[in-house]
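Peer 1: curious how this folds, go ahead:
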Amino acid sequence: MDTSYPREDYLPVPSHKRDPPPTGLVPPPPRDHLVWSIFNTIYMNFCCLGFVALAFSVKARDRKVSGDVEAARRFSSKARCYNVLATAGSVVLPLLLAALVITGVIHLSKLAQESVGFFTYQFGPSDEED
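Peer 2: Model prediction:
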């Protein structure tokens with residue numbers, strides 16, 4: 001048996017001649033975030049970001065239906081970013097405003113309590129002028 005040279009079926013195949021690996025796992029299609037965009041447009045339309053997110057969501061859905069997956073991923077990513085900004089702006093800013101109002105009220109109440117002592121000062125009998 002001659003084992004000095006490898007047989008043809010054992011020779012390495014160049015990478016450009018190999019068959020692509022079987023694709024058993026297909027990546028999921030991109031999400032279009034349409035429901036989230038509609039919710040932000042109707043209820044939390046901070047600086048019209050919900051409307052912009054809705055426009056990108058519709059574009060992502062159209063591209064996904066037409067088969068252009070890469071464009072659908074780009075529009076989906078933009079829709080998600082605008083949805084996050086709209087939700088954060090509509091939730092965080094009112095909470096921040098409420099916190100500022102509460103701290104302002106607390107500060108003013110302390111200031112008013114300190115000034116009550118100044119205005120209720122009782123003059124003694126020697127301090128009165130006749």
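Peer 1: His107: neighbour count?
Peer 2: His107 has 10 neighbours, counted by other Cβ atoms under 10 Å. Just so you know, the C-beta spots here come from the backbone N, C-alpha and C atoms, and that holds for glycine as well.
Peer 1: low pLDDT regions in the protein?
Peer 2: By pLDDT under 70, the low-scoring segments of the chain are 1-24, 118, 121-130.
Peer 1: and Val35, what helix or strand is that in?
Peer 2: Counting by DSSP states H and E, the element that carries Val35 is helix 34-42.
Peer 1: which other residues reach whatever helix or strand comes next after that helix?
Peer 2: Sequence order places helix 49-66 as the next helix or strand after helix 34-42, per DSSP H and E. By Cβ atoms under 8 Å, 6 or more residues apart in numbering, the surrounding residues in contact with helix 49-66 are 29-30, 32-34, 36-42, 44-45, 69, 71-73, 75-76, 78-79, 82-83, 85-86, 89.
Peer 1: hmm, try it at 6 Å
Peer 2: Residues outside helix 49-66 that contact it (Cβ atoms under 6 Å, 6 or more residues apart in numbering) are 29, 32-34, 37, 40-41, 44, 71-72, 75-76, 78-79, 82-83, 85-86.
Peer 1: give the other helices and strands that the helix or strand encompassing Ala112 contacts.
Peer 2: Per DSSP H and E: Ala112 is located in helix 69-119. Other elements packing on helix 69-119 under the criterion 3 or more Cβ pairs under 6 Å, 6 or more residues apart in numbering; DSSP states H and E are helix 34-42, helix 49-66.
Peer 1: and the angle from the helix holding Val35 to helix 69-119?
Peer 2: Going by axes from the mean of the first three to the mean of the last three Cα atoms, to 10 degrees, helix 34-42 is angled at 40 degrees with respect to helix 69-119.
Peer 1: angle of helix 34-42 against helix 49-66?
Peer 2: Between helix 34-42 and helix 49-66, the angle comes out at 150 degrees (the same axes, to 10 degrees).
Peer 1: great, nothing more from me.
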